[in-house]
Structures are given as C-alpha cells and as structure tokens.
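Engineer: kindly return the folded structure for what I paste below:
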Amino acid sequence: MINKKYKHLAAAFLITLLTTTTVHAGLISLLGKAGKAVNKADVDIPVSKIELPENIGDVAPASIKPNSSGHWEIKLDNGSAVSFDELLKSNVGNKKKPVLVLNVADIPADLSMFKNIPESLPVYINAKNKQVFELQRDAGVALKYKNVRLPVQNAKQLKDGLWHLQRPALSGTVRLFQFDKDINKRVQETLYASKAVVEKVGGNALLDSISSLKRQTVVISAPVKNGKLPGASIKQLQQAAAENDINLIIIDSDKPAKLLKKFAKETNTGNSINALYDTTGDFLNKFRDHNNSSALELRLSNTGNSQSVVQLKSAQTNTVSPILESNLIDASHIPLHLLSKAVTVYRPDQERSKELDQRIVPWLHSDIQYYLIVSTVMGLIAISTSWTLWKKIWLLRKRKQYSNILIFAILWLLHRLLFITIFITILGLPSFLYAVVMVIVKTINFLVIRPVRWIVGLVSN
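Structural biologist: I've put the predicted structure just below:
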C-alpha cells in the first residue's frame, strides 16, 4: 500500500493545483492591504449612496456603463433602465438635474463613446474612497477634480490620471529641502524630528547622498532656471529619484524659504485634513487661486524609467505682491499660488508603485516574497521530505561522536535553525515537488509496473 504520508502529499498537491491562482490572488491582495490603504480595490457604490460634489447642486444621479454592443446602458436609482431621451424628458419640470455616474471599472476602452452622450448630461466618475471626478467633454476629454484639470487622450491615460490624483501626495518620511549657499553641505541621513522641518542642503551633496533617502518623499523648493536648480540639475535629480523609488516634488518658487515654512506648518498641523493624508488631487488644489474660477491645467507623462511625472503650472501672476516682500507677515497667511510658479511631482509609476506597496520587507521584491511564502508553506506540508533532503546536505553526527557537549549543542541548534530559516524558505517548494514526483512514481509503480511485471511473470511461467 501507498504510505499514508504520500497520500496526504498527493491530496495537498491536487488542492494546490486547483487553487494556485486563487492563493496567488489572495496573497497579493493581503500584501496589498499591508501597503497603502489607497490601493484598495474599487468597489461599486450604489448610485443613491454616492456623495457628489456640493457645487453641482441638487441632482438625480443615474448610473451608466457600456454594454457588449458598444452602447450605453442607463439605470436609475430604482434599477429601471432608461434611454438618454427618456432621462432628459423626465427632467422637464423636475427641480433635480439628471447626472450620469460611471464606475472606474466601466470606463470604455474607446473614449469616443462619450460623444454619444448628450452634452447637457454631466458625467461623473465614481472612484475610490468616495471621491468623485468630473469628466469634461467640451474640448476633448479631461478629468477634473475640484479646481485642477487633466486632459487625456485615451482610456489608459484616463485610468492613470485617476490613479495619480487619488494617490497620497506624500508618502514615507517627508523631507523638506532648501538649497544652501554651500553646495557641499550634506544631507542628514536620518531625520530624528517627529515633525516635518525645513533642512538646508547643498546641491552637490544632495545628488551624492540621495540614495540614503530611498522610498521617502523629498520636497525641494527653489527658483528653476533652464531646467536647473541652484547647484543641481533637475534631470539628475529625477533620474536619482527613479533609481531609489523616491517621491520627488519640485516647487518652482522665488521665495522658497516662505513656501517651505508654510508647507512644513500645513504638513504638521493641517487646516481641515493633515497634508500627509492628502491625495495628489487635494495637494495640487492647494495651489489654486481662490479668486480665480479657471481650473489649473495638469500634464501627465512618463520618463520611461518606471517613473511618472505630474506637472502643474500655478496660477501665479506676473505682478509681485508686496506681501511676498514683507518679513512681518507670517508665511502661513500667504496663499501658495503667490509663492509658487509650478509644481512637478516625480514618482514611481502605477505598476512600480503597486509592486512596492505589496512588499512586506521594503527592500525585497514582492515576487521573491511571494515565492518565499509559498515555499515555506509547501515545505511545511512536505516537512518529512524536506527534513530528509536537508539531512542529505548536512547530516549531523550523533551526540556520542562529539567529545564536547557544548559544541554538539551549538551545532544541533544551528542545524535546526538553518533548516527552518534557509532550507524551508528557499527550497521548501522544490522539496514539495520532489515529494509529489515520488508519490507519482510510487503510484505508477504500484498501479502499472508491478501488475505488468506480475502478468509477464505469469505468462512466462
């Protein structure tokens, strides 16, 4: 008969084959939850529970989604399906204005489908964390969030734009840098302050030591001239940020000291919400001119090095305000649009960011972590085989063969420790596969080879 342990291994193998995809998805989902909460999957919220922006007034939302034939399906709050004409007719004499709500998962692959929607019907995209984005269609397709506007050319750009605007603007440790006259003034590798503080650093020193700021947020404010900062090239900083997964924010300003002072104060206290938890959309909206209703234009691009760039040209006017020249006025009372000319955010792109968020150990790739988890589980399932194979690599001699009991105790402990920490985690999966192969070989031998030999033996006799 087949050994009982091999029966268990065979059952485990079959279950593993059937559930590999599910297990992988579950583990990746679990790892993702261990990262930023912003990466939680989009969940369709009933139209009646969607919190639309306050500035659009009293409305009657209807959900839309494209069907397989390339047409729009419209459903009211009560679940009934209607056409665009019926929706517009129902608005006659009704105080509530109809609006269309589209879930991120239902964004069509071809944006030209939006041309089939009557211009009088506003379209909003229901995204994560109860955020709602307006889809403008007057001059091409653009994504609008509060007072910032991002033109898009295709569905991929639209989804990327949604992801970026919902991404936290600041992540990890936040470092605020102002350039010092001494270009070699070094960066403090470890920041012990519990709050964001403005640090002075030399341009050369920042480039030399930027690798010590891995996976942090670096905010630099300085005047930008011909693509250069005082003592540092933006291109070099951008490349260094890409290599070290740094969230780099460069704010073009003629008054960097005032701007960073205000930024530090808002980051540490916040007016309505702590700046650390602001999405990129909320962060960029801080640079708007409250007296100007025109939306600030954004531009989204990629550097080709697993890095995305979000650029904003501020609403700053050419007129120099007397407020900026005064040292008597607290920087916190000066609007950001008066202190900045442009804001550029360099960050790991969507694919790279998701991989980073799935990591449990920050410096180890998520695919390697997934393998180690699976290998450990499989190694423990096939613990008997794993132990047998480990003893073939290192067979510990018996106690009586050691003259010193202390040496034996140390080797015994090291033998078990390496088995658990190294062999099981790295070679646990191969051990499991070896055990499965042995089960298959023994099964074939028992069900096929042995009967055939028995029959051949009978015939020959």
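Engineer: next up, the contacts around R288.
Structural biologist: By C-beta atoms under 8 Å, 6 or more residues apart in numbering, the contact set of R288 is K146, N147, V148, L296, A315, H337. C-beta: built from backbone N, CA, C; applies to glycine.
Engineer: distance check, the third one against S340.
Structural biologist: As judged by C-beta to C-beta, to the nearest Å, V148 and S340 stand 14 Å apart.
Engineer: residue ranges of the strands in the stretch 201-350 of the chain, please?
Structural biologist: Using DSSP state E, counting those that start in this stretch, the strands assigned to the stretch 201-350 of the chain run over residues 217-222, 228-229, 232-233, 247-252, 296-302, 307-313, 342-348.
Engineer: so what touches the second one?
Structural biologist: The reference is to strand 228-229. Strand 228-229 has contacts (C-beta under 8 Å, 6+ apart) with F179, G203, I220, A222, P223, I234, L237, I250.
Engineer: now that strand, how far from the centre of its chain.
Structural biologist: Averaged C-alpha coordinates place strand 228-229 at 29 Å from its chain's average position (C-alpha atoms, centre = their mean, to the nearest Å).
Engineer: with the first one instead?
Structural biologist: Relative to its chain's centre, strand 217-222 lies at 21 Å (C-alpha atoms, centre = their mean).
Engineer: and that strand with strand 342-348, angle?
Structural biologist: In terms of direction (axes from the mean of the first three to the mean of the last three C-alpha atoms, to 10 degrees), strand 217-222 departs from strand 342-348 by 150 degrees.
Engineer: for the strands of the stretch 201-350 of the chain, which one sits closest to L418?
Structural biologist: Among the strands of the stretch 201-350 of the chain, strand 342-348 comes nearest to L418, with 35.5 Å by C-beta to C-beta.
Engineer: list the buried ones in that closest one?
Structural biologist: V343, T344, V345, Y346, R347, P348 (16 or more other C-beta atoms under 10 Å).
Engineer: in a markdown table: those, plus pLDDT and distance to M378.
Structural biologist: As requested, the buried residues of strand 342-348 are arranged in a markdown table below (pLDDT from 0 to 100; distance: C-beta to C-beta, whole Å):
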| residue | pLDDT | distance to M378 |
| --- | --- | --- |
| V343 | 93 | 48 |
| T344 | 94 | 46 |
| V345 | 95 | 42 |
| Y346 | 95 | 40 |
| R347 | 95 | 36 |
| P348 | 94 | 31 |
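Engineer: wait, which of the residues you listed is closest to P168?
Structural biologist: Closest approach to P168 among these (C-beta to C-beta): R347, at 10.0 Å.
Engineer: N247 is in contact with that closest one, correct?
Structural biologist: Yes - at 4.8 Å, R347 counts as touching N247 under the criterion of C-beta atoms under 8 Å.
Engineer: what's the helix or strand encompassing L100 packed up against?
Structural biologist: Per DSSP states H and E: L100 is located in strand 97-103. If contacts are counted by 3 or more C-beta pairs under 8 Å, 6 or more residues apart in numbering; DSSP states H and E, strand 97-103 sits against strand 59-66, helix 84-90, strand 123-126.
Engineer: angle of the next helix or strand after the last one against strand 59-66?
Structural biologist: Proceeding N to C from strand 123-126, the next assigned helix or strand is strand 132-136, under DSSP H and E. Regarding strand 132-136 and strand 59-66, their directions subtend 70 degrees when assessed with the same axes, to 10 degrees.
Engineer: gap between strand 132-136 and the chain center?
Structural biologist: Averaging C-alpha positions (C-alpha atoms, centre = their mean) puts strand 132-136 22 Å from its chain's average.
Engineer: can you list the strands that the strand holding L100 pairs with?
Structural biologist: Paired neighbours of strand 97-103 in the sheet (DSSP bridges): strand 59-66 (parallel), strand 123-126 (parallel).
Engineer: comparing these by mean pLDDT, which bottoms out?
Structural biologist: For the strands paired with strand 97-103, mean pLDDT drops lowest on strand 59-66, to a mean of 87.
Engineer: which residues touch whichever helix or strand comes after that strand?
Structural biologist: Once strand 59-66 ends, the next helix or strand along the chain (criterion: DSSP H and E) is strand 72-75. Applying C-beta under 8 Å, 6+ apart, the external contacts of strand 72-75 come out as 47, 62-67, 81-84, 87, 100, 113, 116-117.
Engineer: how far does strand 72-75 sit from its chain's centre?
Structural biologist: Taking C-alpha atoms, centre = their mean, one finds strand 72-75 lying 31 Å from the centre of the chain it belongs to.
Engineer: report the rounded mean pLDDT for that strand.
Structural biologist: On average, the pLDDT along strand 72-75 is 92.
Engineer: buried ones in that strand?
Structural biologist: Per 16+ other C-beta under 10 Å, strand 72-75 contains these buried residues: W72, I74.
Engineer: same thing with stretch 240-250?
Structural biologist: A240, A241, A242, N244, D245, I246, N247, L248, I249, I250.
Engineer: quote the end-to-end distance of it.
Structural biologist: Stretch 240-250 stretches 14 Å from its first residue to its last (C-alpha to C-alpha, to the nearest Å).
Engineer: nearest spatial neighbour of D278, chain-adjacent residues omitted?
Structural biologist: A169 (5.2 Å; C-beta to C-beta, 6 or more residues apart in numbering).
Engineer: count the neighbours of the one you found for me.
Structural biologist: 26 (other C-beta atoms under 10 Å).
Engineer: now do the same contact list for it.
Structural biologist: I249, A275, D278, T279, T280, D282, F283, L284, V345.
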